[in-house]
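>>> The following block contains a protein sequence and its predicted model.
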Amino acid sequence: MFEVLATDSGCKARAGRLTVAHGVVETPVFMPVGTQATVKAVSPHELRELQARIILANSYHMFIRPGLEVIGKLGGLHRFENWDRALLTDSGGFQVFSLAKLRKVTDSGVHFQSHIDGQRLFIGPREAVRIQRVLGADIIMAFDECPPWTAAKEDIDVAVQRTVRWARICAEEWAAAAEIPNSKLQIPNHQQLLFGIVQGGGCAELRRECAEQLAALDLPGYAIGGVSVGEPEEEMLRAIEYAEAALPVAKPRYAMGLGQPNQIVEMVRRGVDMFDCVLPTRVARNGTAYTADGTLNLKRAELKDDPAPIENECGCYACQNFSRAYIRHLLKAGEILGLRLVTLHNLHFYLGLMRTIRAAIVSGEFGAWSRQFLERYKPREDYE
Ligand SMILES: [Zn+2]
């Protein structure tokens, strides 16, 4: 299922190949985020042209709207959203903890109210796996408790113990593949890989304990969760290091919800294989493009008659066909094409970055390449 094909001699970066029901995913990989069963503003056809191999969808959102009855009747998420390559769904844990109202967490799961219509709902580890079986993604995630970064150590400890217990229940439910009692649902019958999620906040010993206990379950892959929740970058990278050190080398590692291009390079150096992040599509809708020099706000006044493309060396559809001046005009006029073009460019940038990273690892040049990239790339916060 997962093979490590090359490892850098100077750091933990590795190139691998993950085989899932809907194809082969070469790692390190970036997975565009399709929260509502669509990567915002782009079609599956465009995602294929961008060479995306795997995308995400959010179980919590699918569960709340349109609901499992609808997706089950339509044959699962692949058919529903017409995506025939690999798909990953999260367990809903993160959204239950960040979006839902009036939650009550117990050892069996979380009671909450839908953030859409206030309906009272419950998701526990078994429910999370069942929901994801109906959705039918290639990779499904264990249900976890994601405490805030600022939580007290005792509370993070409680969340870690619960996360490990829930992962065991998820693994049982996943292995049993029990009948789901609703004849109207068409449950996809391809193989699904279950990943565990390491929690533990910024605490080295809790991260290690969580990773070790999950590793004992011998799951097909592991994610590092509870990062990118408002903590400073150095602490985030340390949390990744703590977890990574206790995870099995032969399994894929996925940093959830991360990150900026420079952070992705830093995490690849630390042995992470899989990434997802809403930034390339989210900031595009504010008119911000990623370039090798950092972000570029295309609404800036000095670009109003700039004939250059967003980025000179870029081969994406937007850069091959349109000037900064034109895209700026579209954004200023509120035209949908403007945000679509910036989205296409940003996804091309992220997916191309991962291809470059992988090639550099395979050819043994990742160390020199990453130093050059990080020297040139200037992270800026002017995109919000
Ligand atoms: Zn471009």
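Structure's in. What do you need? Note that the structure is a prediction, hence the values are computed from the model and not measured.

>>> for the residue nearest the centre of the chain, what are its contacts?
Computing the C-alpha centroid of the chain and ranking residues by Cα atoms, centre = their mean puts residue 276 first, at 2.4 Å. With contacts defined as Cβ atoms under 8 Å, 6 or more residues apart in numbering, the neighbours of residue 276 are 30, 31, 32, 33, 56, 88, 254, 256, 257, 258. All C-beta atoms are positioned from the backbone trio N, CA, C, and that covers glycine.

>>> How much space separates the nearest residue to it once chain neighbours are set aside from residue 252?
Once its chain neighbours are removed from consideration, residue 276 has its nearest residue in residue 31; the separation is 4.3 Å (Cβ to Cβ, 6 or more residues apart in numbering). Between residue 31 and residue 252 the distance is 12 Å, computed by Cβ to Cβ, to the nearest Å.

>>> do residue 347 as well
Distance from residue 347 to residue 252, by Cβ to Cβ: 22 Å.

>>> what's the answer for residue 156, then?
The spacing between residue 156 and residue 252, counted by Cβ to Cβ, is 25 Å.

>>> Any idea how many residues pack against residue 337?
Around residue 337 there are 15 other residues, counting by other Cβ atoms under 10 Å.

>>> List the buried residues in the helix or strand containing it.
Counting by DSSP states H and E, the element that carries residue 337 is helix 336-362. Under the neighbour-count criterion of 16 or more other Cβ atoms under 10 Å, helix 336-362 has 338-354, 357-358, 360-361 buried.

>>> Give the full set of residues in contact with the residue nearest to residue 252 when sequence neighbours are not counted.
Using Cβ to Cβ, 6+ apart and skipping the chain neighbours, the partner closest in space to residue 252 is residue 221 (4.2 Å). Going by Cβ under 8 Å, 6+ apart, residue 221 touches 2, 18, 139, 193, 195, 196, 251, 252, 253, 254, 274.

>>> Which positions in the chain make contact with the ion?
Where proximity means Cβ under 5 Å from the ion, the interface of the chain facing the ion comprises 314, 316, 318, 319, 345.

>>> Which of those residues sits closest to residue 375?
Checking the residues of the chain next to the ion against residue 375 by Cβ to Cβ gives residue 314 as the nearest, at 19.7 Å.

>>> the more surrounded of residue 31 and residue 252?
residue 252 (28 against 24).

>>> Surely the more buried one touches residue 274?
Yes: at 5.9 Å, residue 252 counts as touching residue 274 under the criterion of Cβ atoms under 8 Å.

>>> Spit out the residues that contact those two alike.
With contacts defined as Cβ under 8 Å, 6+ apart, the residues shared by residue 252 and residue 274 are 18, 27, 221.

>>> Return the subset of these lying in strands.
Those of the shared contacts of residue 252 and residue 274 mapping onto strands are 18, 27, 221, per DSSP state E.

>>> secondary structure class for the residue nearest to the first one when sequence neighbours are not counted?
Using Cβ to Cβ, 6+ apart and skipping the chain neighbours, the partner closest in space to residue 18 is residue 25 (4.4 Å). Reducing the assignment at residue 25 to three states with DSSP: H, G, I helix; E, B strand; the rest coil gives strand.

>>> list the contacts for residue 25?
The neighbours of residue 25, taking Cβ under 8 Å, 6+ apart as the test, are 17, 18, 19, 53, 54, 86.

>>> same question, residue 11
Shown here is residue 11, whose contacts under the criterion Cβ under 8 Å, 6+ apart are 269, 270, 366, 367.

>>> Next one: the closest residue to the ion within the stretch 1-150 of the chain from residue 139, what distance?
Of all residues in the stretch 1-150 of the chain, residue 50 sits closest to the ion, at 10.7 Å by Cβ to the ion. In this structure, residue 50 and residue 139 are 20 Å apart, going by Cβ to Cβ.

>>> Looking at these two now, which is surrounded by more residues?
Between residue 50 and residue 139, counted using other Cβ under 10 Å, the more crowded position is residue 139 (28 against 18).

>>> Show me what the more buried one is bridged to.
Listed by DSSP bridges, the beta-bridge partners for residue 139 are residue 88, residue 193.

>>> thought it was touching residue 192?
Yes: under the criterion of Cβ under 8 Å, residue 139 makes contact with residue 192 at 7.1 Å.

>>> Residue 39: what's it in contact with?
Residues in contact with residue 39, defined by Cβ under 8 Å, 6+ apart, are 32, 33, 47, 52, 55, 281, 347.

>>> The closest residue to residue 38 other than its chain neighbours: neighbour count?
Once flanking residues are discounted, residue 38 sits nearest to residue 81: 6.4 Å by Cβ to Cβ, 6+ apart. By the measure other Cβ under 10 Å, the count of residues near residue 81 is 18.

>>> And the pLDDT at residue 81?
pLDDT for residue 81: 98.

>>> got a list of what it touches?
Listed by Cβ under 8 Å, 6+ apart, the contact set of residue 81 reads 34, 37, 38, 44, 57.

>>> where in the protein is pLDDT low?
Along the chain, the model assigns pLDDT under 70 to residues 178-179, 181-183, 381-384.

>>> change it to 80
Within the chain, the set of residues satisfying pLDDT under 80 comprises 100-102, 177-186, 380-384.

>>> in the sheet, who's paired with residue 122?
Counting by DSSP bridges, residue 122 forms beta bridges with residue 111.

>>> Now do the contacts for it.
109, 110, 111, 112.

>>> now do 10 Å
Applying Cβ atoms under 10 Å, 6 or more residues apart in numbering, one finds that residue 122 lies in contact with 96, 104, 106, 108, 109, 110, 111, 112.

>>> okay, those residues in TSV with neighbour count next?
Formatted as TSV, the entries for these read as follows, by neighbours: other Cβ atoms under 10 Å:
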residue	neighbour count
96	26
104	9
106	10
108	14
109	22
110	21
111	17
112	23
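
>>> for the residues you listed, which one is nearest residue 118?
Nearest to residue 118, judged by Cβ to Cβ, of the contacts of residue 122 is residue 112 at 10.3 Å.
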